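**Student:** just coords:
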């Protein structure tokens, strides 16, 4: 086991677990979409805000304030 400020790493030899201390937040539902660009266009046209983009997906917030994750299939 390795430790650091806010981090614990457990390496079992077959799998490594990373436990990170963060401010608690509710679960973030994730959706798989066939086309990220089309999904972004649709969501922003309907009042959603893109929060963070990644190569494989993005986080967005809907008009009621709920955050979701979207990944490309």
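**Tutor:** Okay, I see it. The structure displayed is predicted, hence computed values, not measured ones. Residues are numbered from 1 along each chain as shown.
**Student:** can you say which helix or strand has residue 8 in it?
**Tutor:** strand 7-11 (DSSP states H and E).
**Student:** so which elements touch that strand?
**Tutor:** strand 2-4, strand 16-20 (3 or more C-beta pairs under 8 Å, 6 or more residues apart in numbering; DSSP states H and E). Bear in mind the C-beta positions are built from the backbone N, C-alpha and C, glycine included.
**Student:** low-scoring stretches of the chain, by residue?
**Tutor:** For the chain, the stretches with pLDDT under 70 are 1-4.
**Student:** tell me where it has strands.
**Tutor:** Counting by DSSP state E, the chain has strands at residues 2-4, 7-11, 16-20, 30-33, 49-54, 57-61, 67-72.
**Student:** same list, the ones you listed, but as TSV with mean neighbour count and distance to residue 42 please.
**Tutor:** Formatted as TSV, those follow (neighbours: other C-beta atoms under 10 Å; distance: least, C-beta to C-beta, whole Å):
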stretch	mean neighbour count	distance to residue 42
strand 2-4	9	41
strand 7-11	12	38
strand 16-20	10	33
strand 30-33	13	9
strand 49-54	12	12
strand 57-61	18	11
strand 67-72	16	10
